[in-house]
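Asker: Any chance you can model this:
(one chain, ligands or ions: 3)
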Amino acid sequence: MQEYNGIPTRPENDLRDFFQQITEEGIRTDYYGVAYDIRGMRNLNDQLGRNAGTDLMRAHAQGLQNLIGVSGMVARKSGDAYVALFTRSHKDEVIDYLKNTEVSAMGGSVLRNISCHAGYYGITELCTNYEDLNEILNEALRLSRTQASTEMFAFCDDTVMQKLNERREIAGMFADALANEEFLVFYQPKVETKRYRMKGAEALCRWKHNGEMILPFRFIPVYEQNGDICKLDFYMLEHVCRDLARWQKEGKEIVRVSVNLSREHMGDPRLVEHIVEIIDRNHVPHEYIEIELTETSSEVDYMELKNIVNSLHDAGICTSVDDFGVAYSSMNLLIEYPWDVVKIDRSFVPLGTDDEEDKKRLIMLQAIVSIARQLDIECIAEGVETVEQLLILKKNGCNNIQGYFFDRPMPSDQFEERLDALKEL
Ligand code: C2E
Ligand code: CA
Ligand code: CA
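Answerer: Ligands and ions are numbered 1, 2, ... in the order given. All right, here's what the predicted structure looks like:
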């Protein structure tokens, strides 16, 4: 049992200096780092009052410091978030301690079992500075929260370090890539299945760098994290508008193109103004642009998303709810917002097998299609790869399809040929 003996927990800066010190002494790789936070701290504060809560937290940190001794250090980052460095010989004891320890506060009048989420990393030569350590530990801590609640800890190794370096590199390349127009718009047709005619397309980003084509999963998450995604989305919209204007000028029959808008745009009060400015500057009629947005979890975002969808609707620009059904779907979203299109996520598209899961998929699909129809919202299924899927969708009234079965996303010159073919039909 641990009791607080009045020694203040060190601030994070002391740990930063400590890391520097063990690096200079050449003993850094003898150490483990751990980032942890106390489970249910908010509840404890509510139950016991702040003073007792703080006392418990300090006693817990003090106990860990006693355990790892003078060769290690515990520091408080903020709130109930802590970070520590300790020698490898203490590993098992630290894991046990952070899993569950009885701690006492207020002179023994309060006793609680404290358990933590904890992310560990055995420091290697690759991790040379405190910022890297911090990022790896945060990643490990994040992992510890995603695992089953019986396993409240996780370890990261150097693959995380390598990923971090790759992410940094990708982040550092953005400005040049944007200026050099290395990002390309690929178009994936959307097909209407009554007459098998292309009725629209989605613009998807590709990055051509040194002859290599880089797919979005490698760079979009990085730019979502650092906010650069907003510039990339506007760039995409700009290029789509330029293409549409040029095609129209050339006498081609054009179709509505949807552009993805990241959730990171929330908080930009001039978002819709900016979108309209780009479309108008390129003289594209508003009905040829659709904006794809994803659902949202927080209440603030919910209101803001509502404003965005409403304003776009007022400006005559279509909106679609992307990946419908996954993550934070809310049925209210369909009632309160004037969406034009629901994009049914591929996880709801039946494969045409007769297992239980596929039957459930079909039930969900039928429900979504029926709701959309009655609310007068268009629906389109994504990720359709096989003829079986196509037939099931048609049979159940979903007549718009996007997927590899018809086309993969293609470069603009190839898409132009599709537009030309439309005229011949
Ligand atoms: P998304 O918006 O859900 O786009 C659909 C993704 O599904 C695309 O992947 C597309 O190539 C892929 N797909 C289409 N048909 C099929 C199919 O039949 N089978 C399978 N397995 N996949 C299919 P992509 O192009 O790799 O893009 C991935 C994600 O990256 C997009 O998912 C979107 O969230 C994001 N993204 C792409 N371009 C942009 C962009 O310009 N801005 C933003 N904010 N996000 C983008
Ligand atoms: Ca999309
Ligand atoms: Ca999607």
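
Asker: Could you report the separation of residue 188 from residue 200?
Answerer: Counting by Cβ to Cβ, to the nearest Å, the gap from residue 188 to residue 200 is 10 Å. In short, each C-beta sits where N, CA and C put it, glycine included.

Asker: who's more crowded, the two?
Answerer: Between residue 188 and residue 200, counted using other Cβ atoms under 10 Å, the more crowded position is residue 200 (24 against 20).

Asker: tell me which parts of the stretch 201-350 of the chain are close to ligand 3?
Answerer: If contacts are counted using Cβ under 5 Å from the ion, the residues of the stretch 201-350 of the chain sitting beside ligand 3 are 322, 323.

Asker: Pull up the residues of the stretch 201-350 of the chain that are close to ligand 2.
Answerer: Contact residues of the stretch 201-350 of the chain with respect to ligand 2, defined by Cβ under 5 Å from the ion, are listed as 260, 292, 322.

Asker: quick check, nearest of the residues you listed to ligand 3?
Answerer: Taking Cβ to the ion as the measure, ligand 3 lies nearest residue 322 of these, at 4.5 Å.

Asker: And stretch 61-74, what's buried?
Answerer: For stretch 61-74, a neighbour-count test (16 or more other Cβ atoms under 10 Å) marks 61, 62, 63, 64, 65, 67, 68, 72, 73, 74 as buried.

Asker: measure the second one to residue 119 for me?
Answerer: Separation of residue 62 from residue 119 (Cβ to Cβ): 21 Å.

Asker: How about the fourth one?
Answerer: Look at residue 64 and residue 119: by Cβ to Cβ, they are 15 Å apart.

Asker: all helices for the stretch 251-400 of the chain, in order.
Answerer: Taking DSSP state H, counting those that start in this stretch, the helices of the stretch 251-400 of the chain run over residues 271-281, 299-314, 331-336, 356-374, 387-395.

Asker: what's the closest of the ones you listed to residue 195?
Answerer: Of all the helices of the stretch 251-400 of the chain, it is helix 387-395 that lies closest to residue 195, at 12.1 Å by Cβ to Cβ.

Asker: Residue 137 and residue 82 touch, don't they?
Answerer: No. At 10.5 Å, residue 137 and residue 82 do not qualify as touching, with contact defined as Cβ atoms under 8 Å.

Asker: Quick check: neighbours shared by those two?
Answerer: residue 35 (Cβ atoms under 8 Å, 6 or more residues apart in numbering).

Asker: where do the helices sit along the stretch 1-150 of the chain?
Answerer: Counting by DSSP H, counting those that start in this stretch, one finds helices in the stretch 1-150 of the chain at the ranges 12-24, 41-48, 50-68, 91-99, 130-146.

Asker: ok, residue 140 to ligand 3 distance?
Answerer: 30 Å (Cβ to the ion, to the nearest Å).

Asker: Which residues are in contact with that residue?
Answerer: The neighbourhood of residue 140, defined by Cβ under 8 Å, 6+ apart, consists of 35, 119, 120, 121, 154, 155, 156, 160.

Asker: rerun that using 6 Å as the cut-off
Answerer: Counting by Cβ atoms under 6 Å, 6 or more residues apart in numbering, residue 140 touches 119, 120, 121, 154, 156.

Asker: tell me the pLDDT at the closest residue to residue 15 other than its chain neighbours?
Answerer: Spatial nearest neighbour of residue 15, excluding adjacent residues (Cβ to Cβ, 6 or more residues apart in numbering): residue 75 at 3.9 Å. According to the predicted model, the pLDDT of residue 75 comes to 97.

Asker: How many residues are close by residue 75?
Answerer: With neighbours defined by other Cβ under 10 Å, the count for residue 75 comes to 19.

Asker: Helix, strand, or coil at residue 185?
Answerer: Counting by DSSP: H, G, I helix; E, B strand; the rest coil, the backbone at residue 185 sits in strand.

Asker: OK, contacts around it?
Answerer: Each residue near residue 185 by Cβ under 6 Å, 6+ apart is listed here: 203, 239, 240.

Asker: In which helix or strand does the last one reside?
Answerer: Looking back up the chat, that one is residue 240. Under the criterion of DSSP states H and E, residue 240 resides in helix 229-249.

Asker: does any bit of that helix sit next to ligand 1?
Answerer: Yes. For helix 229-249 and ligand 1, the contact criterion (Cβ under 6 Å from any ligand atom) is met by 229, 233, 236.

Asker: show me what contacts the last one?
Answerer: When you say that, I think you mean residue 236. Contacts for residue 236 (Cβ under 6 Å, 6+ apart) come out as 203, 205, 259.

Asker: Relative to residue 301, how far out is the second one?
Answerer: Applying Cβ to Cβ, one obtains 23 Å for the distance of residue 205 from residue 301.
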